[in-house]
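[1] Below are the sequence and a predicted model for it; my questions follow.
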Amino acid sequence: MTVTVQIEMDEQLRDKAARNLASNGLTIDEAMHIVLVQAAAGRAFDVGPLAPNRTTIDAINAARRGELVELGSPEEAITELNMPD
């Protein structure tokens, strides 16, 4: 089951955050998801800069274009990830 989380914030803060996150290839929703996943895992709440590397940004953009790769089982995914480029 999925839920919707809403937060209230100043419009200027939202717009500035959206611009800064976009420069790193993220949306506000994606950034908040990262924060919540870390909090749920019990990790220290040190968000720091949410700056994905170039590989991650390229993968996010590819996913947005619908260029997803089906990897099957975890074992198949590990094999695929360990293959030379």
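    Looks like it came in fine. Numbering: from 1, shown residues only.
[2] what pLDDT does the closest residue to residue 62 other than its chain neighbours get?
    Closest residue to residue 62 apart from its sequence neighbours, by C-beta to C-beta, 6 or more residues apart in numbering: residue 68 at 7.7 Å. Quick note: C-beta positions are derived from backbone N, CA and C, even for glycine. At residue 68, the model reports a pLDDT of 80.
[3] Equivalent analysis for the one 10 residues further on, please.
    Confidence at residue 78, expressed as pLDDT, is 84.
[4] can you pull the contacts of the residue nearest to the spatial centre of the chain?
    In the chain, the centroid-proximal residue (C-alpha atoms, centre = their mean) is residue 30; its distance is 4.6 Å. Contacts were defined as C-beta atoms under 8 Å, 6 or more residues apart in numbering; by that measure residue 30 touches 21, 60.
[5] re earlier: for the residue nearest to residue 62, helix, strand, or coil?
    Secondary structure state of residue 68, per DSSP: H, G, I helix; E, B strand; the rest coil, is coil.
[6] sorry, back to before: ok, the residue nearest to the centre of the chain to residue 2 distance?
    From residue 30 across to residue 2, the span is 15 Å (C-beta to C-beta, to the nearest Å).
[7] State the mean pLDDT of stretch 39-56.
    For stretch 39-56, the mean per-residue pLDDT is 74.
[8] what about it, how long is it end to end?
    This stretch, stretch 39-56, spans 21 Å end to end (C-alpha to C-alpha, to the nearest Å).
[9] same check, this time on stretch 11-30
    Note: stretch 11-30 ends 18 Å apart using C-alpha to C-alpha.
[10] Could you give me the buried positions within that stretch?
    By 16 or more other C-beta atoms under 10 Å, the buried positions in stretch 11-30 come out as 21, 24, 25, 26.
[11] Could you double-check that the last one lies in contact with residue 56?
    No - here residue 26 lies out of contact with residue 56, judged by C-beta atoms under 8 Å, at a distance of 9.3 Å.
[12] Residues contacting the helix or strand hosting residue 77, please?
    In the assignment (DSSP states H and E), residue 77 maps to helix 74-81. Here helix 74-81 makes contact (C-beta under 8 Å, 6+ apart) with 69, 71.
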